[in-house]
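Peer 1: can you look at this prediction? I've put the sequence above it.
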Amino acid sequence: MRRILPLAACAAALSLIASNASAQVGLLEQAVGGYTFEEAAQEDPDTKDFNSDDGRLTFAIVTHTAGNGFFDPAYVGAKVAADAFGINLLMLGSEAPVDDVPRQIEILNQIIQDPTIDGLILTTPQAGAYDDIVKTMLDRGVPVATTNSFDPTLYNRSDISHTGQPSSAAAIAGEAIVNCLQEKGITSGSIILPSTTTLGNVEVNERVTHAFEAVVESLNEAGILDNFTVDAGPENIGVDVDPNNPTASIVTLIESRGDVVGAFAGNAFVTVSLGDAIAQLGDNGEICAFGFDLGPKHQELIETEALTGSLGQQPFLQGFWPVMQLYLEIDRNVAAANLDTRAQLVTKETVGQVGQRYEN
């Protein structure tokens with residue numbers, strides 16, 4: 001016979017269950033300081049009138065090359081963050097498919113004359129080229145954030161946030177070269193690190209140096225360093241290649257050595273040229289070749305084994321975080337905080353995972 005509980009008993013039981021569930025969840029509505037979290041989460045009423053006093057925040061992001069696709073995910077990331085906080089975003093950059101610092105500076109000099117700009121995000125590939133621009137904005141009280149390339153000597157560097165991958169991450173590629181050689185059973189030959197430094201890009205130079213040192217250290221630990229020639233140029237910042245025709249220049253470099261078994265390139269431009277050179281020579285899968293960045297062309301070269309792999313910088317974060325950082329500086333007075341986007345080593349086995357939702 002089924003027992004039916006009185007209505008009052010049912011109500012009491014439900015009340016007890018709800019009370020216990022609430023206690024278990026541990027919901028918090030008020031801070032120890034007495035204010036509610038709902039109140040504290042609201043935007044400052046003065047934020048939208050910061051600097052330009054026009055009722056909305058306007059940020060500009062300016063890169064040194066918008067013409068090769070690498071920064072596309074960075075612009076997407078910046079827009080995601082801007083849309084989340086109702087920020088008007090100006091996405092600008094050199095139209096060239098290769099680094100074009102003079103054009104970037106031309107754009108920046110126009111931007112700093114715009115009184116509606118409330119925050120500036122820029123890449124700084126050429127050390128010492130951006131000090132006047134940064135000083136002009138900071139003197140006006142407009143916060144600045146840098147992304148991607150890092151200039152350690154930048155004006156007021158310690159008070160400006162930076163989002164990007166440290167040059168030391170290139171050591172991962174250096175180690176990967178030696179692992180690849182061992183997996184292939186290659187016991188001798190030349191390892192080259194081609195580069196072009198016509199723009200004085202300090203960070204690219206440092207990447208090559210870190211990769212070079214990692215190759216040497218890994219070979220030494222394996223006890224086979226004496227069997228290899230590792231060439232990163234006289235200053236260990238890269239073997240110079242022709243910036244106007246890098247692919248042909250690398251083809252010539254490989255042919256002149258005659259025994260190249262490994263290679264590393266320190267930026268997107270030279271990495272693509274390295275892959276194209278290996279493809280032209282028909283050496284796909286034969287040379288342990290690694291590079292930097294993961295644009296569409298890089299991924300194609302990895303798929304065909306013209307490149308063994310490449311290091312991604314997670315550029316979505318390089319756009320997303322600077323916008324967030326500037327907003328936090330304005331709305332919350334949060335001090336500039338750096339974000340290390342780390343290194344994402346991608347090979348043929350993992351390249352299919354890259355590019356999800358416009359990110360690489």
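Peer 2: Perfect, thanks for sending it.

Peer 1: how close does the residue nearest to Phe290 when sequence neighbours are not counted sit to Ile330?
Peer 2: Leaving aside its chain neighbours, Phe290 sits nearest to Ala173 (4.2 Å; criterion: C-beta to C-beta, 6 or more residues apart in numbering). (Glycine included, C-beta is placed from N, CA and C.) As defined by C-beta to C-beta, to the nearest Å, Ala173 lies at a distance of 38 Å from Ile330.

Peer 1: higher neighbour count, those two?
Peer 2: The neighbour comparison of Ala173 against Ile330 (other C-beta atoms under 10 Å) goes to Ala173, with 27 against 24.

Peer 1: just read off the phi/psi values of the more buried one.
Peer 2: Per-residue torsions, Ala173: phi -70, psi -40 (degrees, to the nearest 10).

Peer 1: test my guess that it contacts Gly291.
Peer 2: Yes: shown here, Ala173 and Gly291 form a contact pair, counting by C-beta atoms under 8 Å, at 7.4 Å.

Peer 1: what do the two both touch?
Peer 2: Phe264, Gly309, Ser310, Leu311 (C-beta atoms under 8 Å, 6 or more residues apart in numbering).

Peer 1: look up how far Phe269 lies from the closest residue to the third one other than its chain neighbours.
Peer 2: Put plainly, it is Ser310. Of all residues not flanking Ser310 in the chain, Gly291 sits nearest, at 4.6 Å (C-beta to C-beta, 6+ apart). Gly291 is 10 Å from Phe269, where distance means C-beta to C-beta.

Peer 1: and these two? which has more neighbours close in?
Peer 2: Comparing Gly291 with Phe269 by other C-beta under 10 Å, the one with more neighbours is Gly291, at 30 against 23.

Peer 1: so which residues of the protein form strands?
Peer 2: Here the chain has its strands, by DSSP state E, at 58-63, 88-93, 119-122, 144-147, 161-164, 189-192, 194-195, 228-231, 239-240, 260-264, 288-292, 309-312, 339-340, 344-347.

Peer 1: buried set for the third one?
Peer 2: Which is strand 119-122. If you call a residue buried by 16 or more other C-beta atoms under 10 Å, then strand 119-122 has these buried ones: Gly119, Leu120, Ile121, Leu122.

Peer 1: which residues touch the last one?
Peer 2: In this structure, Leu122 makes contact with Ile61, Val62, Thr63, Gln104, Leu108, Tyr130, Ile133, Val144, Thr146, Thr147, judged by C-beta under 8 Å, 6+ apart.

Peer 1: how deep is the closest residue to Ala279 other than its chain neighbours tucked in, by neighbour count?
Peer 2: Among residues not flanking Ala279 along the chain, Ala306 sits closest, at 4.2 Å (C-beta to C-beta, 6+ apart). Burial measure for Ala306: 24 neighbouring residues, criterion other C-beta under 10 Å.

Peer 1: can you list the strands of the chain in TSV and add mean pLDDT and distance to Val208?
Peer 2: Output for those, formatted as TSV (pLDDT from 0 to 100; distance: least, C-beta to C-beta, whole Å):
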stretch	mean pLDDT	distance to Val208
strand 58-63	98	22
strand 88-93	98	24
strand 119-122	98	24
strand 144-147	98	21
strand 161-164	96	17
strand 189-192	98	11
strand 194-195	96	5
strand 228-231	98	11
strand 239-240	95	9
strand 260-264	98	7
strand 288-292	96	10
strand 309-312	95	13
strand 339-340	95	20
strand 344-347	94	17
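
Peer 1: show me the shaky parts of the stretch 101-250 of the chain.
Peer 2: 197-200 (pLDDT under 70).

Peer 1: in it, which spans are helices?
Peer 2: In the stretch 101-250 of the chain, the helices defined using DSSP state H, counting those that start in this stretch lie at 101-111, 131-139, 171-184, 202-221, 246-257.

Peer 1: between these, which one is closest to Asp53.
Peer 2: For Asp53, the closest of those is helix 131-139, at 16.6 Å, according to C-beta to C-beta.

Peer 1: off-centre distance for the closest one?
Peer 2: 24 Å (C-alpha atoms, centre = their mean, to the nearest Å).

Peer 1: what of stretch 289-300?
Peer 2: Computed by C-alpha atoms, centre = their mean, the separation of stretch 289-300 from the middle of its chain amounts to 14 Å.

Peer 1: report the residue ranges of every domain in this structure.
Peer 2: 51-165+315-341, 168-312 (automatic domain parsing).

Peer 1: can you put the ones you listed in JSON lines and add distance to Ala31?
Peer 2: Shown next, in JSON lines, are the domains of the chain (distance: least, C-beta to C-beta, whole Å):
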{"stretch": "domain 51-165+315-341", "distance to Ala31": "15"}
{"stretch": "domain 168-312", "distance to Ala31": "39"}
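
Peer 1: which stretch among the ones you listed comes nearest Leu28?
Peer 2: Closest among the domains of the chain, using C-beta to C-beta: domain 51-165+315-341, at 19.9 Å.

Peer 1: ends of that closest one, what's the gap?
Peer 2: 30 Å (C-alpha to C-alpha, to the nearest Å).

Peer 1: turn the buried residues of strand 119-122 into a markdown table, including distance to Leu317.
Peer 2: Below are these laid out as a markdown table (distance: C-beta to C-beta, whole Å):
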| residue | distance to Leu317 |
| --- | --- |
| Gly119 | 17 |
| Leu120 | 18 |
| Ile121 | 13 |
| Leu122 | 16 |
